[in-house]
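Peer 1: sequence and computational prediction follow.
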Amino acid sequence: MKYRQLGSSDLEVSEISLGTWLTTGVGIEKDQAVACINRCFDLGINFIDTANGYGRGASETVIGEALSGRARDSYILATKVFFPMTKEDRGLSRAQILKQIDASLARLQTDFVDLYQCHRYDEDTPLAETMEALTDIVKAGKVRYIGFSEWAPDQIQAALDMAPEMEKFVSSQPQYSLLWRRPEKAVIPLCKDNGVSQIVWSPLGQGVLTGKYDADSPPPSDSRAASDDMGGFMERLMRPDVIRAVDTIKPLAAEAGCSMAQFALAWVLREANVASAIVGASRPEQLDDNAAASGLEIDPALFAKAEEIVGAIPRP
């Protein structure tokens with residue numbers, strides 16, 4: 001496993017990290033979730049990402065239990081705040097940030113998180129209020145560094161302009177994959193210039209880029225697309241034309257001598273501003289394949305061909 005510095009922080013995160021959206025505490029049984037977390041340590045994956053909104057605390061609870069017997073300096077832990085926990089509890093107000101960090105720490109069974117992220121931008125709260133609250137919980141030792149997920153460039157710049165009076169963001173968590181390249185236009189260049197790294201979600205396109213789906217057949221029964229709990233966000237990616245395009249990429253991965261998942265993850269990691277690619281797993285063996293993408297050297301010409309293939313997919 002290779003490691004990269006997370007923005008201007010002193011955190012060195014594994015190039016492949018474990019994400020827990022739709023899986024841990026939500027879509028898979030607890031023993032499987034714990035087995036996946038344990039497998040991370042075997043593979044050198046030191047970065048685990050969650051959010052208070054995943055199962056409204058269920059994901060954090062399972063992670064806290066799974067990590068409770070491990071040395072705190074043996075892993076880097078990230079969580080998020082924004083989405084509703086109750087009808088009243090949501091957003092990035094000062095009151096919510098102070099309340100939700102304490103609740104997350106209790107569920108995670110730790111005194112601090114390494115990275116605390118704004119899960120989305122809060123249009124209903126002044127940015128200065130949010131940044132001041134984040135700065136205060138860093139000063140209190142409850143959080144080491146802060147980040148954001150899916151903020152627009154102007155929102156990112158406004159927050160960066162508040163430093164050094166306010167704590168500075170070190171990470172951005174956008175959706176990014178061969179099938180979703182929007183961050184390249186503005187977010188990645190802005191972050192490069194300001195010491196902010198990307199930790200990207202859905203680098204495998206919700207599993208579509210693993211090549212396991214058939215455009216003319218129902219999804220495998222054990223796949224995310226076939227799950228009532230985990231498949232609800234995949235409609236855009238499960239289109240036959242998308243799946244057929246992915247099939248066309250398979251020979252490129254074979255030429256590179258790697259699996260489709262490794263090819264897709266290596267494509268994401270070709271971008272130096274990406275510190276880590278977040279993968280989800282419902283079985284420990286999936287992590288074995290994904291972790292092997294770290295450090296892969298693939299001919300850029302093969303990546304260019306893959307980009308050409310997906311670039312030809314008609315937009316809906």
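Peer 2: That came through, no problem. Numbers count the residues shown, from 1 in each chain.
Peer 1: quick one, strands of the stretch 151-300 of the chain?
Peer 2: Shown for the stretch 151-300 of the chain, the strands assigned by DSSP state E, counting those that start in this stretch span residues 169-172, 197-200, 274-279.
Peer 1: and stretch 44-53, how far from the chain's centre?
Peer 2: Offset of stretch 44-53 from its chain centre (C-alpha atoms, centre = their mean, to the nearest Å): 8 Å.
Peer 1: for the record, mean pLDDT for it?
Peer 2: For stretch 44-53, mean pLDDT rounds to 97.
Peer 1: what residues sit buried inside that stretch?
Peer 2: Taking 16 or more other C-beta atoms under 10 Å as the neighbour-count basis, stretch 44-53 is seen to contain the buried residues 45-53. Backbone N, C-alpha and C define where each C-beta goes, glycine included.
Peer 1: most widely separated two among the residues you listed?
Peer 2: Farthest-apart pair in these is N46 and G53; separation 23.5 Å (C-beta to C-beta).
Peer 1: would TSV of the strands of the stretch 151-300 of the chain with mean neighbour count be doable?
Peer 2: Shown next, in TSV, are these (neighbours: other C-beta atoms under 10 Å):
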stretch	mean neighbour count
strand 169-172	26
strand 197-200	27
strand 274-279	26
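Peer 1: which one of these lies nearest to N38?
Peer 2: Going by C-beta to C-beta, the one of the strands of the stretch 151-300 of the chain nearest N38 is strand 274-279, 15.6 Å.
Peer 1: quick one: pLDDT of the residue nearest to the spatial centre of the chain?
Peer 2: Closest to where the C-alpha atoms of the chain average out (C-alpha atoms, centre = their mean) is W201, at 3.5 Å. W201 is assigned 97 on the pLDDT scale.
Peer 1: my read: it touches P174, true?
Peer 2: Yes - applying C-beta atoms under 8 Å, one finds W201 in contact with P174, separated by 7.4 Å.
Peer 1: what's the overlap in contacts for the two?
Peer 2: With contacts taken as C-beta atoms under 8 Å, 6 or more residues apart in numbering, W201 and P174 have S149 as neighbours in common.
Peer 1: my guess is I298 contacts A256. True?
Peer 2: Yes - I298 lies in contact with A256 (C-beta under 8 Å); the separation is 4.7 Å.
Peer 1: more neighbours: which of those two?
Peer 2: Per other C-beta atoms under 10 Å, whichever of I298 and A256 has more neighbours is I298, with 21 against 18.
Peer 1: that one and Q206, how far apart?
Peer 2: 22 Å (C-beta to C-beta, to the nearest Å).
Peer 1: got it, and D136?
Peer 2: 36 Å.
Peer 1: who has more neighbours, these two?
Peer 2: Q206 (24 against 17).
Peer 1: now for I298 and A256: what residues contact both?
Peer 2: With C-beta under 8 Å, 6+ apart, I298 and A256 have common neighbours 263, 266.
Peer 1: so what's S93 closest to, chain neighbours aside?
Peer 2: Setting aside the residues directly before and after it, S93 is nearest to T125 in space (C-beta to C-beta, 6 or more residues apart in numbering), at 4.8 Å.
Peer 1: again with R90
Peer 2: Per C-beta to C-beta, 6+ apart, closest to R90 is P84, 4.0 Å.
Peer 1: check what pLDDT that neighbour gets.
Peer 2: Taking P84 on its own, its pLDDT is 97.
Peer 1: ok, it - contacts?
Peer 2: 53, 56, 90.
Peer 1: try Q109
Peer 2: 64-65, 67-68.
Peer 1: can you list the helices and strands that the strand or helix carrying A95 packs against?
Peer 2: Assigned by DSSP states H and E, A95 belongs to helix 94-108. Judged by 3 or more C-beta pairs under 8 Å, 6 or more residues apart in numbering; DSSP states H and E, helix 94-108 is in contact with helix 58-67, strand 76-81, strand 113-118, helix 127-139.
Peer 1: with only the CA atoms kept, save it in CSV.
Peer 2: Only the C-alpha atoms of helix 94-108 are listed here, as CSV (Å, rounded to 0.1, in the frame of the first residue of the first chain):
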residue,chain,number,x,y,z
ARG,A,94,-22.8,26.3,15.4
ALA,A,95,-25.3,24.5,17.6
GLN,A,96,-25.4,21.5,15.3
ILE,A,97,-21.7,21.2,14.8
LEU,A,98,-21.0,21.3,18.6
LYS,A,99,-23.8,18.8,19.2
GLN,A,100,-23.0,16.4,16.4
ILE,A,101,-19.3,16.2,16.9
ASP,A,102,-19.9,15.1,20.5
ALA,A,103,-22.5,12.5,19.4
SER,A,104,-20.1,11.2,16.7
LEU,A,105,-17.2,10.9,19.1
ALA,A,106,-19.4,8.9,21.5
ARG,A,107,-20.5,6.5,18.8
LEU,A,108,-17.0,6.1,17.4
